[in-house]
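>>> Using only what follows, build the 3D model:
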Amino acid sequence: MRWIKLENAVNVRDLGGLPAGDGVTRTGRLVRSDNLQDLSPADVTRLVEEIGVTTVIDLRSSGEVRSEGPAPLQAVTSVEHLHLSLIPEVGAMTDVAKDALAVNRERVLKRSPDDVAGAFYIGYLDDRPESVVGALRAVAEAPGTALVHCAAGKDRTGVVVAMALTAVGVPREEVVADYVATGERIELILDRLRSSPTYAKDIDNVPAHEHDPRPEIMSRFLARLDEEHGGVLAWLADHGFTTSDVDRLKAKLLDA
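Below is the predicted model of the structure:
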């Protein structure tokens, strides 16, 4: 696991080196992260000058963005920032609390009472398909390294990264293993979020174990995409992500 050590973000890793077809994913093309709000000057320098970040894809809600205020990377003119919320823009919801993962919790519970987290992940795709597709296009089109983040870097980021990796041929077990890797940093992530008024209340509104990125959550999410939509590529195609888009994503993320 290619962890990127920063002073003031704890769930940052490069998604290079994963098997995909006959090759591997390329280092320095796609990075996933938790909230970038507290980056130090040294963190900014490392991300921009060493890692090569040129595009930040922020999956947080507008309420979170307003509450947290500008992040240090936003002052860097060479970095493009795209805000692509994965949850409906209602109030100041965050996805740290389960209620914030979809507008209609009752609908989600009825749809999948035994797999609440996975149903919420499907909810991202149902509620904001344009943001999911836009995020993958932004990754493909980034002139340098694309960095995808939300608050914890687990749920919303996990879904977008899983879609991207699956689309370019990374095996499912590797996609699930990448999702689970966030568990290595979960206590550090929760401590960071507790320090923010935006997220502090939500953190302890659910049992601690519900924050864990368990493998069955991602496995069930991907299985549901297979069962209900014919898989990741079929879902993307149904929402305007063309074969050419897939080819561009592969060209971006994979070794030739």
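>>> Look at stretch 72-88 and report the distance between its end residues.
26 Å (CA to CA, to the nearest Å).
>>> Buried ones in that stretch, by neighbour count?
Residues of stretch 72-88 classed as buried: 72-73, 76, 79-82, 84-87 (neighbour count, 16 or more other CB atoms under 10 Å). Where you see a C-beta, it was placed from the backbone N, CA and C, and this is true even at glycine.
>>> What is the burial count for N8?
15 (other CB atoms under 10 Å).
>>> so who does it touch?
Going by CB atoms under 8 Å, 6 or more residues apart in numbering, N8 touches 38-40, 43.
>>> Setting aside sequence neighbours, what's the nearest residue to it?
Distances taken as CB to CB, 6 or more residues apart in numbering put D38 closest to N8, at 4.0 Å, once the chain neighbours are dropped.
>>> does that neighbour really touch D191, like I thought?
No - with contacts defined as CB atoms under 8 Å, D38 does not count as touching D191, sitting 11.9 Å away.
>>> Between the two, which is the more surrounded one?
D38 (17 against 11).
>>> From I57, how far out is the more buried one?
For D38, the distance to I57 equals 19 Å [CB to CB, to the nearest Å].
>>> Kindly report the same for L86.
In this view, L86 and I57 are 11 Å apart by CB to CB.
>>> How about the contacts made by W235?
Applying CB under 8 Å, 6+ apart to W235 gives the contacts 125, 225, 229.
>>> Look at P197 and give its secondary structure.
Following DSSP: H, G, I helix; E, B strand; the rest coil, the label given to P197 is coil.
>>> For this protein, just list every one of the strands.
With DSSP state E as the definition, the chain shows strands at residue ranges 2-3, 13-14, 19-20, 23-24, 30-33, 53-58, 80-83, 145-149.
>>> Can you give me the neighbour number for V170?
24.
>>> Distance of it relative to D247?
Distance of V170 to D247, given as CB to CB: 16 Å.
>>> in the stretch 1-150 of the chain, which spans are helices?
Assigned by DSSP state H, counting those that start in this stretch, the stretch 1-150 of the chain shows helices spanning 41-45, 62-68, 105-111, 116-127, 129-141.
>>> I appreciate the help and will end here.
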